[in-house]
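> curious how this folds, go ahead:
(one chain, ligands or ions: 1)
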Amino acid sequence: MPCVAISGFLTCWIKNGNYNTMYFRLDEYGYPYLLFSIVALFLWLEATAYYIHTMLHIPFFYKTLHKHHHRYLNQQLEVHEIN
Ligand SMILES: [Zn+2]
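Predicted coordinates:
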C-alpha cells in the first residue's frame, strides 16, 4: 500500500508541474539521451533489486520480512515441478 500512495503522490507532483526529470518531447534531449536513459534505468532497477534483495537476507530482515517471500516462491516452484 505505501507504494501506491508514493506513486500517486509522485504522479500528482509531476502533473502539477513541480520539479522532475521527465520529458515528453523527444526533441528536448534527442535519441542519444533516450537510449542512455533506457540503459541507465535498466541498470538502476537491476542494481537496486539486487542490493535490496541481498539486504533482505540479513538474518533479522529475513526472519521478520523476507521468509514469506521465499515460502511463496518455493510453493510456486513445487507447482511447476508437478506440472
Ligand atoms: Zn531472497
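> every contact and neighbour count from this point should use C-alpha atoms.
Fine.
> so where's this protein shaky on pLDDT?
Across the chain, the ranges flagged by pLDDT under 70 are 1, 73-74, 76-83.
> ok, Cys12 - how many residues close by?
If you count neighbours by other C-alpha atoms under 10 Å, Cys12 ends up with 12.
> repeat that for Tyr51.
By other C-alpha under 10 Å, 11 other residues sit near Tyr51.
> elements contacting whichever strand or helix holds it?
According to DSSP states H and E, Tyr51 maps onto helix 31-55. Where contact means 3 or more C-alpha pairs under 8 Å, 6 or more residues apart in numbering; DSSP states H and E, helix 31-55 is not packed against any helix or strand.
> and the next helix or strand after it, how far out from the chain's middle?
Using DSSP H and E, the helix or strand that follows helix 31-55 in sequence is helix 59-61. Relative to its chain's centre, helix 59-61 lies at 21 Å (C-alpha atoms, centre = their mean, to the nearest Å).
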